[in-house]
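Peer 1: sequence? don't have it. structure:
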């Protein structure tokens, strides 16, 4: 965790711009993950979205999740489960059409959090790659324009965390993924040099990971890496995953 790349975006505006771009380049080539701080998104907005997300889970999803798990008979399981995630999720589509009105008590800021920072980040990657500004964003456009959505994930306390992963090891199929990670509980891990490494939880930071499409577009220069979410017996963990231009 102490070597995990943390990028201070404020440093792009001064003499440290070149060094900051080099940090981003190193993270893209060698980690496939990095964490953004001082990214310009108001902390009050992040707090509000987190609060609404957790409240929506408690009111609308927790009972259904617990009933579904009971039906699977987890209490009697002794061996590790390979085909089950200890995860409760729902999806929002923002572009090209929005589905947010179909889910009660949520706000349009789910889209606003990710869109501006994603555009800036993609242009920073273009600068490092020697591409014209806007190239990567256009590369991810579909026939109807850009695709942008949010996955909202909750990882409830698990009675047998040694047998069930919150989310099994995988890579993401999209281009670039932004994550608002629960800042109190670590659970997200990435595979680095054959070892599982915790992504450090930091208040009001945004975790960035690169998807399969970006690795393909950069001809393997930038890496997507395998990652997972571990289960815990004592905590509910909440994550907000923004998937712009996938």
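Peer 2: Looks like it arrived, so ask away. Only a predicted model underlies this, so the values are computations on that prediction, with no experimental measurement involved.
Peer 1: buried stuff in the helix or strand harbouring residue 117?
Peer 2: Residue 117 belongs to helix 109-129 when assigned by DSSP states H and E. The neighbour-count check on helix 109-129 (16 or more other CB atoms under 10 Å) flags 109-111, 113-115, 117-119, 121-126, 128-129 as buried. Backbone N, C-alpha and C define where each C-beta goes, glycine included.
Peer 1: now the spatially most central residue of the chain, nearest residue through space, not along the chain?
Peer 2: Centroid check for the chain by CA atoms, centre = their mean gives residue 179 as the closest residue, at 2.7 Å. Nearest residue to residue 179, sequence neighbours excluded (CB to CB, 6 or more residues apart in numbering): residue 207, at 4.1 Å.
Peer 1: do residue 233 as well
Peer 2: Spatially, and ignoring its direct neighbours in sequence, residue 233 is nearest to residue 161 (5.0 Å; CB to CB, 6+ apart).
Peer 1: ditto for residue 188
Peer 2: Leaving aside its chain neighbours, residue 188 sits nearest to residue 199 (4.3 Å; criterion: CB to CB, 6+ apart).
Peer 1: which ones are touching the one you found?
Peer 2: For residue 199, the contact set (CB atoms under 8 Å, 6 or more residues apart in numbering) comprises 1, 4, 33, 35, 181, 186, 188-190, 207, 227.
Peer 1: So which of those residues is the closest to residue 170?
Peer 2: Nearest to residue 170 out of those is residue 227 (CB to CB; 7.1 Å).
Peer 1: List the residues that contact that closest one.
Peer 2: Here residue 227 is in contact with 33, 169-171, 188-191, 199, 209 (CB under 8 Å, 6+ apart).
Peer 1: do the same with residue 26
Peer 2: Contacts of residue 26 by CB under 8 Å, 6+ apart are residue 5.
Peer 1: Helix, strand, or coil at it?
Peer 2: Following DSSP: H, G, I helix; E, B strand; the rest coil, residue 26 is assigned to helix.
Peer 1: Roughly how far does residue 119 sit from residue 42?
Peer 2: 17 Å (CB to CB, to the nearest Å).
Peer 1: hang on, residue 95 packs against residue 145?
Peer 2: Yes. At 6.6 Å, residue 95 and residue 145 qualify as touching, with contact defined as CB atoms under 8 Å.
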